[in-house]
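Engineer: Coordinates only, no sequence provided:
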């Protein structure tokens with residue numbers, strides 16, 4: 001059991017340390033909102049795409065064997081989404097709160113905290129598997145987020161056709177999805193390995209991605225929001241930190257996942273609420289204050305939940 005605890009600390013502590021560095025920089029005035037916005041944009045548009053592209057292109061992972069993991073991830077996402085929808089319709093009164101609550105439960109921060117933790121746990125093999133998983137499930141996240149947040153639309157021009165167009169536009173211009181598609185196409189074609197200056201440059205950008213993203217996540221933390229969560233944000237946080245990982249483990253076991261695949265599933269699903277959930281809630285007329293509270297609380301507390309879950313699964317020989 002000691003080994004399991006050490007394993008959990010090893011994969012989570014580096015992420016917490018980088019987030020704490022970001023928070024410390026924010027408190028000292030060394031990480032302004034402008035810096036956070038610009039650095040986050042740089043990571044999202046350039047560094048993470050390089051990380052995902054070269055993780056897939058350089059890997060020897062048999063992606064045909066990831067089908068079960070991806071199907072489980074899709075099923076888990078749907079279960080969390082539908083369950084949160086039923087709960088919101090019964091116990092959440094205001095429409096502008098309902099979609100934010102639902103998104104806070106089902107949408108996890110796979111691209112930053114999920115991938116970083118998977119990389120710490122399993123190295124390049126896990127990173128490649130996690131990148132494929134993230135690429136597929138991210139598409140589903142965006143579609144479901146638009147559906148659940150659409151209930152508060154006030155625009156006459158906002159129809160299901162316009163929403164569908166918006167989803168397609170978001171997916172077709174998403175740098176992470178484009179990088180993964182490009183990587184799969186490159187591997188499928190009889191092309192020579194990428195070497196030399198191009199690969200070296202890509203490696204340098206990829207190396208920046210997760211550390212800088214975690215620093216930005218830490219610098220974005222609002223302690224006031226985190227320490228004074230509302231009742232509704234606490235309910236959503238419980239759904240994200242406790243319910244979501246349990247659902248993932250149960251479904252994963254039912255499909256016979258084990259070892260690296262179970263570990264990737266757990267770490268991806270158990271990640272805190274995605275930072276994009278706040279941006280989308282604000283853009284679509286949801287309660288952005290509630291979204292910020294959920295994001296802040298799950299970002300910090302969720303990391304400890306991931307450590308406890310990882311130690312338990314490792315101790316049981318399941319990841």
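Structural biologist: Arrived safely, thanks for sending. All values derive from a computational prediction rather than experimental measurement.
Engineer: low-confidence ranges in the chain?
Structural biologist: 1, 61, 63, 151-160, 163, 167, 225-230, 279, 283 (pLDDT under 70).
Engineer: Quick one: the strands in it, in order.
Structural biologist: Assigned by DSSP state E, the chain shows no strands.
Engineer: Longest helix in it, please.
Structural biologist: helix 115-149 (DSSP state H).
Engineer: tell me which residues of that one are tucked away?
Structural biologist: Neighbour-count burial for helix 115-149 flags 115-122, 125-149 (criterion: 16 or more other Cβ atoms under 10 Å). Placement of C-beta: from N, CA and C, glycine included.
Engineer: Stretch 41-58 too?
Structural biologist: In stretch 41-58, counting by 16+ other Cβ under 10 Å, buried: 42-44, 46-58.
Engineer: Please name the residues that touch residue 211.
Structural biologist: The contact partners of residue 211, by Cβ atoms under 8 Å, 6 or more residues apart in numbering, come to residue 18.
Engineer: any idea how far it lies from residue 120?
Structural biologist: 12 Å (Cβ to Cβ, to the nearest Å).
Engineer: can you check residue 290 too?
Structural biologist: 31 Å.
Engineer: ditto for residue 179
Structural biologist: 21 Å.
Engineer: Correct me if wrong: residue 205 contacts residue 46.
Structural biologist: Yes - counting by Cβ atoms under 8 Å, residue 205 touches residue 46, with 5.9 Å between them.
Engineer: first to last residue in stretch 28-45, what's the distance?
Structural biologist: Start-to-end span of stretch 28-45 (Cα to Cα, to the nearest Å) is 27 Å.
Engineer: Report the distance from it to the chain centre.
Structural biologist: Put simply, stretch 28-45 sits 19 Å off its chain's centre (Cα atoms, centre = their mean, to the nearest Å).
Engineer: What lies in contact with it?
Structural biologist: 22, 25-26, 111, 175-176, 208-209, 212-213, 215-216, 219-220, 275.
Engineer: which of the residues you listed lies closest to residue 302?
Structural biologist: The nearest member of the contacts of stretch 28-45 to residue 302, counting by Cβ to Cβ, is residue 275 at 12.5 Å.
Engineer: I'd like to know how many residues surround the closest one.
Structural biologist: 21 (other Cβ atoms under 10 Å).
Engineer: Next: residue 216.
Structural biologist: Counted with other Cβ under 10 Å, residue 216 comes out at 27.
Engineer: Please report the distance of it from residue 42.
Structural biologist: 9 Å.
Engineer: Over to residue 195?
Structural biologist: 25 Å.
Engineer: Over to residue 114?
Structural biologist: 20 Å.
Engineer: Residue 95 too?
Structural biologist: Distance from residue 95 to residue 42, by Cβ to Cβ: 35 Å.
Engineer: Then residue 25?
Structural biologist: Taking Cβ to Cβ, one finds residue 25 at 16 Å from residue 42.
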